[in-house]
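> when you get a sec, could you give me coordinates for this:
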Amino acid sequence: MRTRLIRPLAAASLVAALALSGCAGTAAAPVDEPAAATTVTVEDNHGSIEVPVAPERVVALDNTTFQTLNDWGVKLVAAPKPLMYDLWPSLSGGDEVLDAGLHREPNIENILAAEPDLIVGGYRFRELYDQLKEIQPATIETSPRDGEEHTSELKRQTTILGQVFDKNDEAATLNADLDAAIADAKAAYDPSQTVMGLITSGGKIAYAAPGEGRGVGVLFPTLGLTPALERAAEDASHGDDISVEAIAAANPEWLFVLDRDAMFGEDGYVSAKELVENAEALKNVPAVQKNQIVYLDGSFYLDEGIQAYTKLYRSAAEAFAS
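Residues are numbered from 1 along each chain as shown. Below you'll find the model as predicted:
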């Protein structure tokens, strides 16, 4: 009887020991979690460059990136505050964000004092590239490049920023939104209707050449718009001199108008709407008569990022559809 009792107990003990041994073995060999990447190699406007992922101390100078950085909750240590006005208060911040000045009068000392891990340069600040690289080799420029297809350039910029700030999904959404807005605008546009782009500033109306004129010029190749007037640009940024009589003679069915002065509130400011719609020579132009005028957002000139263009293409789609 004693033997029969001992054997089952011994067997049970052995099973328990093996079970404990198995548990101990499992606990001793945890599955390793992959370490988060600390750097990423991207292709910016100058080539391949390795930069930190989600850097903590960022100087951003390129206004075409501001809305994206703002929406992604990026905090800056220095920024060109005079260029930002009150559009991005969470980026420009208070005294803790140093003022990098304007591109014509940059404050290099403040950029250096900010001790950045990353500098987002380019666009208005592109002439400072070499100086910025001396301050921080991890300096990138992502703004749309001249001579390249503009939509692809906007999406390339967003993709690069997504890699750097660990926001790849958010970047993909921004790119998809832009594509959708363009597709809707293309579908709504009637190619038999002619279009002209204008830029207003200093109380004057200027001509924005198709494909070249600031802000509105890119709409022509992107949407396949039919120009009311085809003339190469002499000053793509500010627009070319044109008389209201020449605009009237071109007889555009549609006008797209960028007001460069809308955000500045200077004395004597005259809005684009007043300049265009109160011009006696333009009273009989189809675009004015039919109210087929799309005015870009007042903040467009200071923004010019992917969100601003997405909104512009949506406005075009809605205007053409109506």
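> assumed Glu245 was part of a helix.
Yes. The assignment for Glu245 by DSSP: H, G, I helix; E, B strand; the rest coil puts it in a helix.
> and the pLDDT for it?
pLDDT, Glu245: 97.
> show me what contacts it?
Residues near Glu245 by Cβ atoms under 8 Å, 6 or more residues apart in numbering: Ala281. In this view, the C-beta of every residue, glycine as well, is placed from N, C-alpha and C.
> can you check Tyr207 too?
196-199, 213, 229, 231, 239-242, 246-247.
> just the buried members of those?
196-199, 213, 229, 239-240, 242, 247 (16 or more other Cβ atoms under 10 Å).
> any idea which of these is closest to Lys186?
Gly197 (17.0 Å; Cβ to Cβ).
> neighbours of the residue nearest to Ala308 when sequence neighbours are not counted, just the number please.
Using Cβ to Cβ, 6 or more residues apart in numbering and skipping residues adjacent in sequence, the residue nearest Ala308 is Phe300, 5.4 Å away. By other Cβ atoms under 10 Å, the residues close to Phe300 number 22.
> who are the neighbours in contact with Phe300?
Counted by Cβ under 8 Å, 6+ apart, Phe300 has contacts 215, 258, 308, 312.
> neighbour-wise, which one of those leads?
Result: Leu258 is most packed of the contacts of Phe300 (other Cβ under 10 Å), 26 neighbours.
> in space, what's closest to that one - neighbours in sequence excluded?
Gly215 (4.3 Å).
> three-state assignment of that neighbour?
Per three-state DSSP, Gly215 ends up coil.
> that one against Glu304, yeah?
Yes. When contacts are counted by Cβ atoms under 8 Å, Gly215 is listed as touching Glu304 (7.0 Å).
> and the buried ones among the contacts of Tyr207 as JSON lines, adding distance to Val59 and secondary structure?
Listed next are the buried ones among the contacts of Tyr207 as JSON lines, based on distance: Cβ to Cβ, whole Å; DSSP: H, G, I helix; E, B strand; the rest coil:
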{"residue": "Met196", "distance to Val59": "39", "secondary structure": "strand"}
{"residue": "Gly197", "distance to Val59": "34", "secondary structure": "strand"}
{"residue": "Leu198", "distance to Val59": "35", "secondary structure": "strand"}
{"residue": "Ile199", "distance to Val59": "30", "secondary structure": "strand"}
{"residue": "Gly213", "distance to Val59": "31", "secondary structure": "coil"}
{"residue": "Leu229", "distance to Val59": "42", "secondary structure": "coil"}
{"residue": "Gly239", "distance to Val59": "31", "secondary structure": "coil"}
{"residue": "Asp240", "distance to Val59": "35", "secondary structure": "strand"}
{"residue": "Ile242", "distance to Val59": "39", "secondary structure": "coil"}
{"residue": "Ile247", "distance to Val59": "42", "secondary structure": "helix"}
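> out of those residues, which one sits closest to Ile160?
Distance ranking of those against Ile160, using Cβ to Cβ, places Gly213 first at 26.1 Å.
> how about the closest one, what does it touch?
Here Gly213 is in contact with 197, 199, 207, 233, 236, 239-240 (criterion: Cβ under 8 Å, 6+ apart).
> which one in these is the model shakiest on?
Among the contacts of Gly213, Ala236 has the weakest pLDDT, 79.
> state whether that residue is indeed within a strand.
No. Going by three-state DSSP, the assignment for Ala236 is coil, not a strand.
> how about it: what's its closest non-neighbour residue?
Using Cβ to Cβ, 6+ apart, the closest residue to Ala236 is Glu212 (4.5 Å).
> repeat that for Ile247.
Counting by Cβ to Cβ, 6+ apart, the residue nearest Ile247 is Leu282, at 6.3 Å.
> ok, the one you found to Ile205 distance?
Distance check for Leu282 against Ile205: by Cβ to Cβ, to the nearest Å, it reads 9 Å.
> find residues that contact each of these two.
Contacts common to Leu282 and Ile205, judged by Cβ under 8 Å, 6+ apart, are 244, 247, 276.
> from Glu115, how far off is Ala183?
In terms of Cβ to Cβ, Ala183 sits 44 Å off from Glu115.
> same check on Asp71?
In terms of Cβ to Cβ, Asp71 sits 25 Å off from Glu115.
> of those two, which one has the most company?
Comparing Asp71 with Glu115 by other Cβ under 10 Å, the one with more neighbours is Asp71, at 15 against 12.
> hey, where'd the strands end up in this protein?
Counting by DSSP state E, the chain has strands at residues 39-44, 47-52, 58-60, 76-79, 98-99, 118-121, 139-141, 194-201, 204-208, 226-227, 240-241, 254-259, 293-295.
> Asp62 reaches Pro144, doesn't it?
No. Using Cβ under 8 Å, Asp62 is not in contact with Pro144; the gap is 10.3 Å.
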